[in-house]
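Participant: requesting a structural model of the entry that follows:
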Amino acid sequence: MSISQDGAEQIAIKAIVWLAGNDDLLPVFIGSTGADEAAFREGLAVPEFQASVLDFIMMDDAWVIAFCDQEGIPYDRLMQARAAFPGGQQVHWT
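Facilitator: Predicted coordinates:
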């Protein structure tokens, strides 16, 4: 099942808001990306930033579960949302 661009953006914005409110995880994201508060705010409208937040959350199953459970989103929807952004298509090496 694919997700629309609008649907993907809505999920990404929810992910950004969730990450911004996570006092334990936000410093990890900032430390690994170098993003500051201004970049975080500006990133709400930037597809590449939205995708980077989804990529970050998908690095750990516990983060996926925590975000999706809080938002009532099926776990696989996060990957579907990421696929709707530039660079999100799966690479087939064969």
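Participant: give the contact list for the residue nearest to the spatial centre of the chain.
Facilitator: Central residue of the chain (C-alpha atoms, centre = their mean): L54, 1.9 Å from the mean position. With contact set as C-beta atoms under 8 Å, 6 or more residues apart in numbering, L54 has these partners: I11, A12, A15, L78, A81, R82, F85. C-betas here are computed from N, CA, C, even on glycine.
Participant: if any of those are buried, put those into a PyMOL selection.
Facilitator: Selecting only the buried members of those in PyMOL, with burial defined as 16 or more other C-beta atoms under 10 Å, works like this:
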select buried, resi 11+12+15+78+81+82+85
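Participant: now render the contacts of L54 as a markdown table, adding secondary structure.
Facilitator: What follows is the contacts of L54, written out as a markdown table (DSSP: H, G, I helix; E, B strand; the rest coil):
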| residue | secondary structure |
| --- | --- |
| I11 | helix |
| A12 | helix |
| A15 | helix |
| L78 | helix |
| A81 | helix |
| R82 | helix |
| F85 | coil |
